[in-house]
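>>> Predicted model follows, preceded by the sequence.
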There are 2 protein chains.
Amino acid sequence: MNARALPEKRPAEWSEDGILACLSRHFPLTHPSLLLGRGDDCAVLKAGRPLAVSTDLFLEDTHFRGAYFTPEDMGYKALAVNVSDLAGCGARPQGFTLCLGLPAWADMAWLDAFFGGMAQLADSRNMVLAGGDLSRCDKLTVSVTVWGEPSDPGDFLVRGGSMPGDILFVTGPLGLARVGLSVLESHGRKALESWPAACAAHLRPRPHVDEGLMLARAGFNARPPALMDISDGIMRDLPRLLGLTGELSATCPEKRSGLGAQIVLARGQLHPEVLRHAEQKGKNPVHEALLGGEDYCLLGSCAPDMLPPLHAAIPGLTSIGVVTDGGGIVCNHEPLDSLASMRGFDHFEPHAGES
Amino acid sequence: MNARALPEKRPAEWSEDGILACLSRHFPLTHPSLLLGRGDDCAVLKAGRPLAVSTDLFLEDTHFRGAYFTPEDMGYKALAVNVSDLAGCGARPQGFTLCLGLPAWADMAWLDAFFGGMAQLADSRNMVLAGGDLSRCDKLTVSVTVWGEPSDPGDFLVRGGSMPGDILFVTGPLGLARVGLSVLESHGRKALESWPAACAAHLRPRPHVDEGLMLARAGFNARPPALMDISDGIMRDLPRLLGLTGELSATCPEKRSGLGAQIVLARGQLHPEVLRHAEQKGKNPVHEALLGGEDYCLLGSCAPDMLPPLHAAIPGLTSIGVVTDGGGIVCNHEPLDSLASMRGFDHFEPHAGES
């Protein structure tokens, strides 16, 4: 952990030694997966088995608002969105690195709270902070890289591999975090009173690690489920699961899978706060759930005979439809293309992504 | 590689597919070290042996200036400063992830050039881009995480482990990048005419990977050299090599090594552009070399009998002194503490790091 480019002159505790001491209070230096922890040019991972690796940016005013995120929320969520990528592969989290660009307003009390929120999630998943970089920045800038090992038994689960007739499922409520973003943007933290579940879904999403590990185990002696985490909403993420979009299909259109999906989403499957919010806004709650964004639950498909044991093992698992042999993606008999003009989750900004 | 939060509305090519296609032109999807490359929630590394991992921020106006860095320079250096951390462990680079926060001014021509500069270094070291994240940001924000494997034969080299009597060495010129920063700040790219080596050292530092690998091999059947890369100048980095500062010593002062060093730096050892610049500014060139910053060559120590073969194997290797049993750090009979009031390399900003 370098701390070589720090915010401007502060009290004595706001020194490299002071910050490193604060870090040490929250994050242990050692871990069974490490041969060498923080404090050198590199950390050294034992890494005797394959490793799943993912990285995400977490930027002020792009991914979160300082106005209604506490420092604990920021630290927690910056790590959670990365851990969710591990969950989407059925991986068991092991460790992470942290790059932190601190604005001039940051002080030791803030940093202590930020590290505290991050350490809460790291401890609960037994993840080690193996290294990082600390610098000065205009706005709070966080970049986390996480890694994890395969479940035992089990292999990592990936996108693609769905077959016509497979059941589509999710492991949590759709559209709830979208409602949370909307009410927090409108009312700040006062929204927590009327929309507790939605605000929690946006501020403190729970990565579905245990669900991912159970799915990986279920796939060990059978055709493995296709799996991913939902970060941009079903409408944008389902085509990714089915292999209809992505870098490979962007460069090799002939490699697109040609699969489709029939989604059936009843109002009764939606969270009460999603229904109430849609009613207040005069919107179709199913559309809101499909657009979603930052759900951070898992989206997958599996052979029909795998579904009963999965239902038994994962209480929150809900079937939402079936994979088809082409025919596009249809939800409640309405083609999803007709929703394409509505914006998916977009982090406060216009989308250029849909060309 | 997600591209879900892109800069504002642009021509059709500035779409998720367009950007991913640009990425594919510069960075291959597959690599012998990968089981799964870009396009899923996680990349999957084979990782049968220990892995060295490091991460660094590369921020506009903190670590580089848009005014005199070409997009190719930015892409190259953002990766180079991370690869230098691998070199500092004697690791062989294998792969990296890239988080990229793009400002509104970025367009496809810029991105193509940025990726081009980054791919130039990645190709030369056979490194794979395994994943990343793309977002919108006010200023250009780059965060890279790199990993590498041990040399064969050899183990990773670390800080600490120096013994009194060991020879201190560096693998490249000291203070040259500091001169480059100074003249580029004063004159922009026009400085390249009069200060070609210094500007190149700042804009396109060469990570000393081959030197690190040779040192790791030399340490395989002997007491391994202590090693690190010099990012903040000898004056701040030598105490780290010797175990006098860092997170462990910040939290456990009794674990400080108690070592010292006698440095001998003659003017004849300094780069002609360092000498000329110091003369023009009326500064002591040895002090400038000690303050340095972003040298990105390697600093290490080894047993005296290891030095002759190292000299033969690494042409740029220079002895700069000897490790002592206490007595502080002294350069040319002057205690380094007396230089502590002078600022080390500080990326355009005041330092709070020295408490």
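The structure has been received and is ready for your questions. Numbers count the residues shown, from 1 in each chain, chains lettered A, B, ... in the order given.

>>> Could you list the low-pLDDT ranges of the stretch 1-150 of chain A?
Along the stretch 1-150 of chain A, the parts satisfying pLDDT under 70 run over A:1-12.

>>> switch to 50 and redo it
A:3-5, A:7 (pLDDT under 50).

>>> ok, how many other residues are close to the residue of it found nearest chain B?
Here the residue of the stretch 1-150 of chain A nearest chain B is A:Ser15; by CB to the nearest CB that distance is 3.0 Å. No exception for glycine: its C-beta is placed from N, CA and C like everyone else's. Residues near A:Ser15, counting by other CB atoms under 10 Å in any protein chain shown, number 20.

>>> how much space between it and B:Cys252?
17 Å (CB to CB, to the nearest Å).

>>> just checking, what packs against the strand of greatest length in chain A?
Taking DSSP state E as the criterion, chain A has its longest strand at strand A:91-102. For strand A:91-102, the packing partners by 3 or more CB pairs under 8 Å, 6 or more residues apart in numbering or on different chains; DSSP states H and E come out as strand A:43-45, helix A:71-87, helix A:108-124, strand A:128-136, strand A:141-150, helix A:209-218, strand B:51-59, strand B:141-150.

>>> so where's the stretch 151-300 of chain A shaky on pLDDT?
In the stretch 151-300 of chain A (pLDDT under 50), no residue qualifies.

>>> which bits of it sit near chain B?
Within the stretch 151-300 of chain A, the positions near chain B by CB under 8 Å from any CB of the partner chain are A:156, A:158-159, A:228-229, A:231-232, A:236, A:245-248, A:250-251.

>>> The same query, at a cut-off of 10 Å, please.
A:155-160, A:212, A:227-229, A:231-233, A:236-237, A:240, A:243, A:245-253, A:293, A:298 (CB under 10 Å from any CB of the partner chain).

>>> Okay, strands next: where are they in chain A?
Under DSSP E, chain A gives strands at A:34-36, A:43-45, A:51-59, A:91-102, A:128-136, A:141-150, A:167-170, A:226-229, A:260-263, A:298-302, A:318-324, A:329-331, A:334-335.

>>> Those into TSV, with extra columns for mean neighbour count?
Below are the strands of chain A laid out as TSV (neighbours: other CB atoms under 10 Å in any protein chain shown):
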stretch	mean neighbour count
strand A:34-36	20
strand A:43-45	25
strand A:51-59	27
strand A:91-102	26
strand A:128-136	25
strand A:141-150	28
strand A:167-170	23
strand A:226-229	26
strand A:260-263	21
strand A:298-302	27
strand A:318-324	19
strand A:329-331	22
strand A:334-335	14
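
>>> Residue ranges of each domain in chain A, please.
Split into domains by automatic domain parsing, chain A comes to A:16-150, A:167-339.

>>> Compute the first-to-last residue distance for the shortest one.
As for domain A:16-150, its first-to-last residue distance stands at 36 Å under the measure CA to CA, to the nearest Å.

>>> quick one: contacts for the residue nearest to A:Gly328 when sequence neighbours are not counted?
Computed as CB to CB, 6 or more residues apart in numbering or on different chains, the closest residue to A:Gly328 that is not its neighbour in sequence is A:Gly260, at 5.1 Å. Going by CB atoms under 10 Å, 6 or more residues apart in numbering or on different chains, A:Gly260 touches A:164, A:239, A:242, A:244, A:322-330, A:335-336.

>>> For A:Gly260, list each beta-bridge partner.
On the basis of DSSP bridges, A:Gly260 is bridged to A:Thr324.

>>> how far away is it from A:Asp232?
19 Å.

>>> Could you do A:Gly172 as well?
Counting by CB to CB, the gap from A:Gly172 to A:Asp232 is 15 Å.

>>> now A:Leu20
37 Å.

>>> A:Glu294 now?
Taken as CB to CB, the span from A:Glu294 to A:Asp232 is 8 Å.

>>> just A:Gly188 next, same as before
In terms of CB to CB, A:Gly188 sits 25 Å off from A:Asp232.

>>> which one of the two has more residues nearby?
A:Asp232 (23 against 12).

>>> Now that the more buried one has come up, it's in contact with A:Leu291, right?
Yes - if you go by CB atoms under 10 Å, A:Asp232 and A:Leu291 touch, sitting 9.4 Å apart.

>>> Hmm, A:Pro205 is touching A:Pro173, no?
No - between A:Pro205 and A:Pro173 there is no contact under CB under 10 Å: 11.1 Å.

>>> Which neighbours do these two have in common?
In contact with both A:Pro205 and A:Pro173: A:295, A:297, using CB under 10 Å, 6+ apart.

>>> With adjacent residues omitted, what lies nearest to A:Gly132?
A:Leu98 (3.9 Å).

>>> Which residues are in contact with that neighbour?
Applying CB under 10 Å, 6+ apart, the residues contacting A:Leu98 are A:1, A:23, A:27, A:38, A:75, A:78-79, A:82, A:115, A:118, A:122, A:129-134, A:142-145, B:55, B:143.
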